[in-house]
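Visitor: Sequence and predicted model, in that order:
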Amino acid sequence: MKGQVIVEKLSKIYLSKQRQGLFKSVLKEVPALTDIDLEIQPGEIFGLLGPNGAGKTTLIKCLTTLLLPTSGQAWVNGFELGRDDNAIRATVGCMLMGERGLYWKLTGRENLMFFGALYHLGSDRRARRTQEIIELLHLEEIADRAVETYSSGQKMKLAFGKALINDAPILILDEPTNTLDLPSARELRATVKELNGEGRTIIYTTHIMAEAETLCERVAIIDHGRVIAQGTVPELKHSLGREEVIRLEGVISGGAEQAVRQLTGVSQVALASVNGHNELTVVTRESHNLLPRLIETLSHHQAILRKITPEEITLEDVFIAHTGRTLAQDTAVK
């Protein structure tokens, strides 16, 4: 096996109770992951990109032994999932639950010392590693305060530090910048690159397209529990061939969106609310010919356009081309 993480036909099905009448309930199967195949190479930053509810966290929970898959196989650092789970836990650092995984009554330093003890680090090594993380993440001023006094961003930075405590060769980060402000998120991404430069393999889940483009060498796009596209960022962009993207901002109704879908030359359309206005994304192979008809159709449906921008293909456009939705839309498996 060449990959440091190998996943073969991994599936996860939840059983959910559904009420039928007042006194009767039945079990319903809810597929969260379906036949996931991945191979992550040593030393790369591998992105799991998809909207909230796509199945990214379920996959991470399986790879970190927090959930048992329903079927399929996986190997992490050469250890088989389901047979060598203790060895897997010892060689993986994971940031999964963010600030919810911390003990708020303890100080930041005490949290790091405690989690170091769970990994059986000796007292001297535990104290040394704790101090290294405090300095790496610039937590000196708050390290000896109770975590309950931290801001959300400070808690997320400490949760990131907790994932580093065992100095594992694989680091798994699930939406690590979720509640961070822009400077803190930028700083965390820089630290991720630095850690990767030291040789760590990093699995990075996000629903933010720009993060995946900036950080990741290869990306798997997940939707409704399935991998719908996989490859390097340039490969995924080039997979759309000659298709182009037109982005329109303004007041655009659902009826206008449906009318645009019927136009000849339109490959995919997605309508989303962004910062208080509507954004219509149109994927097409003939933007110059389509644009006049596009504006005419939207005007006919009382759309008020503020901005029209032809743009280069992005990872989000790849997702739209496959699904007809934006990454901003939750897609919890149902």
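Guide: That came in fine, so what should we check first?

Visitor: contacts and neighbour counts: CA atoms only from here.
Guide: OK.

Visitor: quick check, residue 148 in a helix?
Guide: Yes: assessed with DSSP: H, G, I helix; E, B strand; the rest coil, residue 148 lies in a helix.

Visitor: That one touches residue 105, doesn't it?
Guide: Yes: between residue 148 and residue 105 a contact is recorded at 6.2 Å, counting by CA atoms under 8 Å.

Visitor: quick one: low-confidence parts of the stretch 1-150 of the chain?
Guide: 1 (pLDDT under 70).

Visitor: now the strands: where do they sit in the stretch 101-250 of the chain?
Guide: Along the stretch 101-250 of the chain, counting by DSSP state E, counting those that start in this stretch, strands occupy 170-174, 201-206, 218-223, 226-232, 244-251.

Visitor: Dump these into CSV; add distance to residue 184 and mean pLDDT as well.
Guide: Below are those laid out as CSV (distance: least, CA to CA, whole Å; pLDDT from 0 to 100):
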stretch, distance to residue 184, mean pLDDT
strand 170-174, 15, 95
strand 201-206, 16, 95
strand 218-223, 23, 94
strand 226-232, 26, 94
strand 244-251, 29, 89
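
Visitor: now those strands as CSV including distance to residue 121 and mean neighbour count?
Guide: Output for the strands of the stretch 101-250 of the chain, formatted as CSV (distance: least, CA to CA, whole Å; neighbours: other CA atoms under 10 Å):
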stretch, distance to residue 121, mean neighbour count
strand 170-174, 17, 24
strand 201-206, 21, 24
strand 218-223, 33, 24
strand 226-232, 37, 18
strand 244-251, 52, 20
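
Visitor: quick one, what contacts the most centrally placed residue in the chain?
Guide: By CA atoms, centre = their mean, the mean C-alpha position of the chain lies nearest to residue 206, the distance being 2.1 Å. Shown in contact with residue 206 (CA atoms under 8 Å, 6 or more residues apart in numbering): 47, 48, 49, 50, 51, 174, 175, 212.

Visitor: Ok, residue 299 next?
Guide: By CA under 8 Å, 6+ apart, residue 299 has no neighbours at all.

Visitor: Which pLDDT value goes with it?
Guide: pLDDT for residue 299: 93.

Visitor: Make 17 the starting number, not 1.
Guide: Got it, first residue is 17 now, which makes that one residue 315.

Visitor: Surely it is within a strand?
Guide: No: according to three-state DSSP, residue 315 belongs to no strand; its state is helix.

Visitor: so where do the helices sit in the stretch 217-350 of the chain?
Guide: 225-231, 249-254, 270-277, 303-316, 331-339 (DSSP state H, counting those that start in this stretch).

Visitor: Contacts for the last one, please.
Guide: Residues external to helix 331-339 that are found in contact with it (CA under 8 Å, 6+ apart): 225, 229, 237, 244, 249, 252-253, 256, 261, 283-286, 299, 341-343.

Visitor: Show me what secondary structure element comes after the helix or strand where residue 31 lies.
Guide: Assigned by DSSP states H and E, residue 31 belongs to strand 21-36. Next helix or strand after strand 21-36 toward the C-terminus (DSSP H and E): strand 40-56.

Visitor: Dump whichever helix or strand comes after that following strand to CSV, keeping only the CA atoms.
Guide: Sequence-wise, the next helix or strand downstream of strand 40-56 (DSSP H and E) is strand 61-65. Output of strand 61-65 as CSV, limited to C-alpha atoms (Å, rounded to 0.1, in the frame of the first residue of the first chain):
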residue,chain,number,x,y,z
ILE,A,61,-2.6,18.4,2.3
PHE,A,62,-5.8,16.6,1.1
GLY,A,63,-9.0,18.5,1.1
LEU,A,64,-12.5,17.2,1.7
LEU,A,65,-14.7,19.8,0.2
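
Visitor: contacting residues around strand 61-65?
Guide: Counting by CA under 8 Å, 6+ apart, 56, 72, 212, 217-225, 228, 231-238 sit against strand 61-65.

Visitor: same thing with stretch 189-204?
Guide: Contacts for stretch 189-204 (CA under 8 Å, 6+ apart): 73, 76, 110-114, 168-169, 172-173, 176, 218-223.

Visitor: And it, what's buried?
Guide: 189, 190, 191, 192, 193, 195, 196, 200, 201, 204 (16 or more other CA atoms under 10 Å).

Visitor: For ChimeraX, what selects the buried ones among the contacts of stretch 189-204?
Guide: Per 16+ other CA under 10 Å, the buried members of the contacts of stretch 189-204 correspond to this ChimeraX selection:
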select :73,76,110,111,112,114,168,169,172,173,176,218,219,220,221,222,223
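
Visitor: sorry, back to before: same question for the strand holding residue 31: list its buried residues.
Guide: Buried, per 16+ other CA under 10 Å, within strand 21-36: 21, 22, 23, 26, 27, 28, 29.

Visitor: Contacts only, for the last one.
Guide: Which is residue 29. Residue 29 touches 45, 46, 47, 48, 49, 85, 86, counting by CA under 8 Å, 6+ apart.

Visitor: Identify the bridge partners of the fifth one.
Guide: To tie it back to what came earlier, the one meant is residue 49. residue 28 (DSSP bridges).

Visitor: so how far does stretch 175-185 reach from one end to the other?
Guide: Using CA to CA, to the nearest Å, one end of stretch 175-185 lies 18 Å from the other.
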